[in-house]
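# my questions concern the predicted model and sequence given below.
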Amino acid sequence: MHRRVLWLLGFVGLLATAVVGVVLASRQPEPVTAAGHTGHGGGGPAVSKASPVTLSADAARRIGVTFAPVLSESLAGEVRTVGMVVYDETRVTTVAPKLDGWIERLDVNISGAPVRRGAPLFAIYSPMLVTAQEELLLARRLAREVAAGTPDAARGASELVESARRRLMYWDIPAEEIAELERSGEVRKTLTLRAPTSGIVIEKNVLQGQRIMAGEPVFRIADLSVVWIEGEVFERDLSAIRLGQMVTLEFQALAGVARRGRITYLYPTLNAETRTARIRVQMPNGDGTLKPGMYATIRVATQGTAVAVTVPRSAVLATGKRTLVFIKDATGSLIPRDVVLGRASDSRVEIASGVVPGDTVVASATFLVDAESNLGSALGGMGNMPGMDMGTPAAGSRGAPPPAPQDMPNMPNMPVPGTPTPSPRGTPGAPAAPRTPARPPGSTTESPGVHARHGG
């Protein structure tokens, strides 16, 4: 029994040694060429470490593999991105009173309300406004009294009137309100502030009866007669974008309607996280159909139709670490080939290096072919792993003799499972008689089970 346990422990240790060898072999770095690429090739196109794949016509048809030639053709590229309608920042106005006071009446009390330039927004009570009104009326009374006096006195009184009038105007009190004050000659408790521009109230931060401080923003008004459409362009497409370039815009809310606009600004910075740069298209919006927050598709046609080597978009497989296509050689094998991409259109993509016109590439089911290629590469490399002998049957498998005890390290004279244990009397296959210690005369004979429980 103890020998069998020792044999099992030795077999487990041998198996662990083989597993460690496999792991260490899988972590060995690939050879690096002088150009800094892994692999064994020198010049020429880089070849993926995936193995070639051979498929019969029936197998290719069953998994949907199709082929397409590599062409040399004129490629009219297009940069397409998603944009959003936003406010024209130059047409957004903040209404912030220049004096402290209380809102006695609120004429515009909802967000989103349209307003016209000069329309009343709210009536405000302020002690400073009351004082300024009294000063204006007092200056006018003084000017009337000294009108028949010396020219210097009349000129001084007139300057006081203009000063009091100018103070009210600097506080954004409309000229109509000041004229009504001078005509009536009565101080009013509240004065009305009016909208400085036409547009939509996009923000309202005040309620009726609320006290406000000087400079506190109470309204934001946006003029939507002109809007911006801002989009993000990937870093690789920036070379095709220029200031003043015409673009085509399509809006989900305006199905079937395409509008034309012009790029008015290219932001000078790049987003470090998304690797994109922002572009701006300015568009008129007199009818108000374009609303801030709408999504738009921006299409920028790249100029120039230079001849390029192209393949279908579906032929290119980007795995994150490499970009490859599968080439069909003369024997019908599918060879993986690393490629460098260039410009792209809706259906074709330029290959800067890796293939030549006349080659045949896999145009569909590329992912399945790549999976088969990687599987073949993984299985093909098992024979070179330490401790793995793929050419001979594994020890103990069907049809192979079990290893001899003397061939196992650190396990001398260990019995092999399935072989008879030699008998002490020399009879093959006969079990050895249990050794029973001698007992003194008169002692009681115990049963085997009782003897085992006492540790004998």
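Okay, I see it.

# what comes up buried for stretch 267-276?
Neighbour-count burial for stretch 267-276 flags Thr276 (criterion: 16 or more other CB atoms under 10 Å). All C-beta spots, glycine's among them, are computed from the backbone N, C-alpha and C.

# what do you get for stretch 240-258?
240-241, 245, 247, 249-251.

# among those, which are in strands?
247, 249-251 (DSSP state E).

# list just the nearest of those to Ala60.
The closest of those to Ala60 turns out to be Glu250 (CB to CB; 38.4 Å).

# show me the beta-bridge partners of that closest one.
Beta-bridge pairing of Glu250 under DSSP bridges involves Ala258, Thr297.

# that one and Arg322, how far apart?
Glu250 is 34 Å from Arg322, where distance means CB to CB, to the nearest Å.

# now swap in Gly64 and tell me
From Gly64 across to Arg322, the span is 23 Å (CB to CB).

# quick check, Phe251 in contact with Asn285.
No. Counting by CB atoms under 8 Å, Phe251 sits too far from Asn285 to count as a contact (11.5 Å).

# tell me which helix or strand of the protein sits lowest on mean pLDDT?
Here the helix or strand of the chain ranked lowest by mean pLDDT, DSSP states H and E is helix 448-453, holding a mean of 40.

# low-confidence ranges in the stretch 151-300 of the chain?
Along the stretch 151-300 of the chain, no part satisfies pLDDT under 70.

# now do the helices in it.
Listed in chain order, the helices of the stretch 151-300 of the chain (DSSP state H, counting those that start in this stretch) span residues 151-170, 175-184.

# and the pLDDT for Arg322?
Listed pLDDT for Arg322 reads 84.

# now the closest residue to it other than its chain neighbours, which residues is it bridged with?
Once flanking residues are discounted, Arg322 sits nearest to Asp338: 5.5 Å by CB to CB, 6 or more residues apart in numbering. On DSSP bridges, the residues paired with Asp338 through beta bridges are Leu324.

# low pLDDT regions in the stretch 1-150 of the chain?
In the stretch 1-150 of the chain the weaker segments, taking pLDDT under 70 as the threshold, are 1-50.

# in it, which spans are helices?
With DSSP H, counting those that start in this stretch as the criterion, the stretch 1-150 of the chain has helices at 2-26, 57-63, 127-145.

# what about the stretch 301-450 of the chain, any weak spots by pLDDT?
Checking the stretch 301-450 of the chain against pLDDT under 70 turns up 303-305, 376-450.

# repeat the analysis, applying 90 as the threshold.
301-308, 317-322, 329-333, 341-350, 352-353, 365-450 (pLDDT under 90).

# what sits against Thr190?
Counting by CB atoms under 8 Å, 6 or more residues apart in numbering, Thr190 touches 104-105, 123-125.

# buried subset of these?
123-125.

# quick check, the residue nearest to Arg322 in contact with Gly354.
Yes. With contact defined as CB under 8 Å, Asp338 and Gly354 form a contacting pair (5.9 Å).

# dump the residue contacts of the nearest residue in space to Asn205 that is not next to it in sequence.
Among residues not flanking Asn205 along the chain, Val218 sits closest, at 5.4 Å (CB to CB, 6+ apart). Listed by CB under 8 Å, 6+ apart, the contact partners of Val218 are 95-97, 121-122, 204-206, 212.

# now the residues you listed: which count as buried?
Buried by 16+ other CB under 10 Å: 95-97, 121-122, 204, 206, 212, out of the contacts of Val218.

# how close does Thr54 sit to Asp370?
In terms of CB to CB, Thr54 sits 14 Å off from Asp370.

# more neighbours, those two?
Neighbour count, other CB atoms under 10 Å: between Thr54 and Asp370, Asp370 has more, with 20 against 12.
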